[in-house]
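Student: Sequence isn't available, so here's the structure alone:
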């Protein structure tokens, strides 16, 4: 598959390929607390998704589904047949969409604070997003257009039916903070619908990987020890 853009990435380490997918409005540097540990056993590809960081916006739709197509094109570009994928927030949602579409190209999944649909977001976040959209009403600048597009990724997407997860057979770690922006019940639903998953809840918020990198990395490495 070919894309209209080339995603920016930074590679470190050697071994089986592991792709890192950051969250909404961020870039590959979100994982700076994980990359040194992961690169000791993987060839780590820390990617900037379309329109984030140093990756161009391009002309194709700014949607999570398009981001999953971009991931497929990225793997093709780098000759990667199968990869471990670790996604945070929107990155976890992209990873899920990709695994549903291309199951034979995924070796394992780490889903950090993802959601199946917008109902998984707690009111604290949905209220904030609604207020931000209201503040942008009637405004049309490049900055506002980008911010509106980023917010719509969270308020309008994704739309993954829980029963669809039964087709994802690869080993999966579902991990979140105990004070996350995703309902705990929603995180548990994802875990329960995946046939080969384990669940880890750490003390912390939505950004638990940044807040507690040692605890987060320990959970990651224990998971990878069990599947590799």
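Tutor: Cool, got the structure. Keep in mind that this is a model prediction, so the values were computed, not measured.

Student: The one helix or strand residue 69 maps to: which residues count as buried?
Tutor: Assigned by DSSP states H and E, residue 69 belongs to helix 64-77. By 16 or more other CB atoms under 10 Å, the buried positions in helix 64-77 come out as 64-71, 73-75. Glycine gets a C-beta too; all of them are placed from N, C-alpha and C.

Student: Now do it: which elements does it pack against?
Tutor: Applying 3 or more CB pairs under 8 Å, 6 or more residues apart in numbering; DSSP states H and E, we find helix 64-77 packed against strand 16-21, strand 42-47, helix 90-101.

Student: let's go with 10 Å and repeat that
Tutor: Applying 3 or more CB pairs under 10 Å, 6 or more residues apart in numbering; DSSP states H and E, we find helix 64-77 packed against strand 16-21, strand 42-47, strand 83-88, helix 90-101, helix 142-155.

Student: Make CSV out of the ones you listed and add mean pLDDT and mean neighbour count.
Tutor: What follows is the helices and strands packed on helix 64-77, written out as CSV (pLDDT from 0 to 100; neighbours: other CB atoms under 10 Å):
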stretch, mean pLDDT, mean neighbour count
strand 16-21, 98, 24
strand 42-47, 98, 24
strand 83-88, 98, 27
helix 90-101, 98, 25
helix 142-155, 95, 15
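
Student: Residue 171 contacts residue 111, doesn't it?
Tutor: No. Using CB atoms under 10 Å, residue 171 is not in contact with residue 111; the gap is 11.6 Å.

Student: And the two? Which one has more around it.
Tutor: Shown here are residue 171 and residue 111; by other CB atoms under 10 Å, residue 111 has more neighbours (28 against 20).

Student: Might you report the residue contacts of the nearest residue to residue 187 once chain neighbours are set aside?
Tutor: Closest residue to residue 187 in three dimensions, ignoring its sequence neighbours and counting by CB to CB, 6 or more residues apart in numbering: residue 176, at 4.7 Å. Contacts for residue 176 (CB atoms under 10 Å, 6 or more residues apart in numbering) come out as 89, 92, 111-114, 182-184, 186-188, 190-191, 199-202, 204-206, 208.

Student: distance of the closest residue to residue 104 other than its chain neighbours from residue 173?
Tutor: Nearest in space to residue 104, with sequence neighbours left out and distances taken as CB to CB, 6+ apart, is residue 82 at 7.3 Å. Relative to residue 173, residue 82 is positioned 17 Å away (CB to CB, to the nearest Å).

Student: my read: residue 42 touches residue 16, true?
Tutor: Yes. At 5.7 Å, residue 42 and residue 16 qualify as touching, with contact defined as CB under 10 Å.

Student: any common contacting residues for those two?
Tutor: With CB under 10 Å, 6+ apart, residue 42 and residue 16 have common neighbours 83-84, 224, 228.

Student: Can you tell me which of those is closest to residue 141?
Tutor: Using CB to CB, residue 83 is the member of the shared contacts of residue 42 and residue 16 that lies nearest residue 141, at 37.5 Å.
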